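Chemist: Sequence and predicted model, in that order:
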Amino acid sequence: MITINENYRKLHASYLFSDIAKRVADFQEQNHSGETLIKLGIGDVTLPLPAACIRAFQDGVNEMAQEESFHGYGPENGYLFLRERIAEFDFSEQGVTVSPDEIFISDGAKCDTGNIQEIFSGDVRVAVPDPVYPVYVDTNVMAGRTGSFQDGRYQNLLYLESTEENGFIPLPAPDLKADLIYLCFPNNPTGAVASKDQLKAWVDYARQNKALIIFDAAYEAFIRNPEVPHSIYEIEGAREVAIESRSFSKKAGFTGTRCAYLVIPRECRAFDAAGAEVSVRELWTRRHSTKFNGVSYPVQRAAAGIYTPEGKRQTRELVDYYLENARMIAEGMKSAGYTVYGGENSPYLWIKTPRPSWETFSLILNKAAVVTTPGAGFGLSGENYIRISAFNNRDCVRQAIDRIVSRVSLD
Ligand code: MLT
């Protein structure tokens, strides 16, 4: 008899963004006003790939058309030409040491941050911020590291409260007993950024407690404040205790093209059942080469285009465009009396609402035909917030804010 992984039954609902997509589809079926729906929900980019990426992409495709330049299976960890550029421009130039053989190219940060947990024991104690990107939670539920879902939270999962009081930056409490800790900065969903001292508190915790940090830096390109660290490896000792995830999705418009990477330094260690150190990089190499066959050659060429002089300029302009959207959303919502967080070094705005967040989501959808994301979808502490994404074109953003401000009363 073929039996199922019962852990899947613990998952309390469908994946957040699928749930929202379904509600939006229902709304559209019943919406006879003819008004265009504006999506500021899921963080999906709308601007085209930078010209430098398109040119490199096309060159890559052309090479595939000729026998002498055709590429079959590539290295599972990614082509060296891309890993070398990442090591140089994303790290060395910023004063951080990462070598190309510590970089694993993949098809997305969602897959990386979702898959990485499988190289750790089934009984490690997992800590996640609340609110949190649901992938970290759901993949650990699927792997059986949690109990059932009760009163809005999974049993046996350690929730790190991210609230207005702590500026949405949880720090390790003295009694915390976590082995695997997920951190994301700039944060999805709150838009908060962590200082060096705050990251240091986590790195010190992980070193003292033989724990490991998964640091999701998917939104790193949105940091404009020079004081804010871009990489966890800016913190002394982090190479031993942290894995960093980066993505080209939001930085260069690759949500539909798919390319990202994980950094696992040589020193990064976990422990076997006898307490002996094991190289995390070697474990992941084994896993990656068994289950993954690499990102397509033209896509890696396109990603390498980001690191050309014009690619760097174009990606910065792209990110600046969304940051300006974020600024406009913050200004509009603040002028209407809302309390707004995030949006300065992040494409996400975290907006406090007097009503339950799913109710606010529905109100904005029905009255303004604008899709947002209910904070409760990211966890119990997200209740009474909605997340607004800055990823859309300028006119849509302007219209969306006008509609919300003029039509929706949240009292
Ligand atoms: C989000 O909206 O939180 C992200 O777009 C989801 C993702 O990157 O998978």
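Modeler: Looks like it came in fine. Everything numeric in this text was worked out from a predicted model, so none of it was measured. Residues are numbered from 1 along each chain as shown.
Chemist: Isn't residue 211 up against residue 181?
Modeler: Yes - checked against CB atoms under 8 Å, the pair residue 211 and residue 181 is within contact range at 6.0 Å. No exception for glycine: its C-beta is placed from N, CA and C like everyone else's.
Chemist: what does the average pLDDT come to for whichever helix or strand residue 81 is part of?
Modeler: Using DSSP states H and E, residue 81 maps to helix 80-85. Helix 80-85 carries an average pLDDT of 98.
Chemist: What are the buried residues along it?
Modeler: 82-83, 85 (16 or more other CB atoms under 10 Å).
Chemist: just curious, which of the residues you listed is nearest to the ligand?
Modeler: Taking CB to the nearest ligand atom as the measure, the ligand lies nearest residue 82 of the buried residues of helix 80-85, at 20.5 Å.
Chemist: which ones are touching that closest one?
Modeler: 105, 300, 303-304 (CB atoms under 8 Å, 6 or more residues apart in numbering).
Chemist: could you dump the helix holding residue 81 to PDB, C-alpha only?
Modeler: C-alpha atoms of helix 80-85 as PDB (Å, rounded to 0.1, in the frame of the first residue of the first chain):
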ATOM      1  CA  LEU A  80      32.400  29.200 -13.100                       C
ATOM      2  CA  PHE A  81      31.900  32.400 -15.200                       C
ATOM      3  CA  LEU A  82      28.900  33.300 -13.100                       C
ATOM      4  CA  ARG A  83      30.200  32.100  -9.700                       C
ATOM      5  CA  GLU A  84      33.400  34.100 -10.300                       C
ATOM      6  CA  ARG A  85      31.500  37.300 -11.000                       C
END
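Chemist: helices or strands up against the next helix or strand after it?
Modeler: Toward the C-terminus, helix 80-85 is succeeded by strand 103-106 as the next helix or strand (DSSP H and E). Applying 3 or more CB pairs under 8 Å, 6 or more residues apart in numbering; DSSP states H and E, one finds that strand 103-106 contacts helix 80-85, strand 260-263, helix 280-291.
Chemist: one step back: would you list the buried residues of helix 80-85 in a markdown table and tack on distance to the ligand?
Modeler: A markdown table is the format used below for the buried residues of helix 80-85 (distance: CB to the nearest ligand atom, whole Å):
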| residue | distance to the ligand |
| --- | --- |
| 82 | 20 |
| 83 | 22 |
| 85 | 23 |
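Chemist: Mean neighbour count, the helices and strands packed on strand 103-106: which tops it?
Modeler: strand 260-263 (a mean of 25; mean count of other CB atoms under 10 Å).
Chemist: Does that one reach the ligand?
Modeler: No - in terms of CB under 6 Å from any ligand atom, no part of strand 260-263 sits within range of the ligand; the closest distance is 9.8 Å.
Chemist: ok, whichever residue of the chain sits closest to the ligand - contacts?
Modeler: Closest contact between the chain and the ligand, by CB to the nearest ligand atom, is at residue 43 (3.2 Å). Shown in contact with residue 43 (CB under 8 Å, 6+ apart): 188, 250, 347-348, 389, 391.
Chemist: now with 10 Å?
Modeler: Residue 43 is in contact with 17, 188-189, 218-219, 249-250, 255, 322, 347-348, 373, 387, 389-391, counting by CB atoms under 10 Å, 6 or more residues apart in numbering.
Chemist: now residue 119
Modeler: With CB under 10 Å, 6+ apart, residue 119 has these contacts: 264, 270, 278, 280, 282-284, 286-288.
Chemist: Return the distance of it relative to residue 209.
Modeler: 19 Å (CB to CB, to the nearest Å).
Chemist: Next: residue 332.
Modeler: For residue 332, the distance to residue 209 - CB to CB - is 44 Å.
Chemist: In terms of packing, which of these two has more residues around it?
Modeler: residue 332 (19 against 15; other CB atoms under 10 Å).
Chemist: where does the residue nearest to that one when sequence neighbours are not counted fall, phi/psi-wise?
Modeler: What sits nearest to residue 332 in space, not counting adjacent residues and going by CB to CB, 6 or more residues apart in numbering, is residue 401, at 3.6 Å. Main-chain dihedrals, residue 401, degrees, to the nearest 10: phi -70, psi -40.
Chemist: Can you tell me how far residue 401 is from residue 309?
Modeler: 35 Å.
Chemist: who has more neighbours, the two?
Modeler: Shown here are residue 401 and residue 309; by other CB under 10 Å, residue 401 has more neighbours (24 against 8).
Chemist: residues touching the more buried one, list them.
Modeler: 38, 40, 325, 328-333, 335-336, 368, 370, 388.
Chemist: do residue 167 as well
Modeler: 190, 192-195, 198, 341.
Chemist: Tabulate these (CSV), appending neighbour count.
Modeler: Formatted as CSV, these follow (neighbours: other CB atoms under 10 Å):
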residue, neighbour count
190, 30
192, 24
193, 26
194, 24
195, 15
198, 19
341, 22
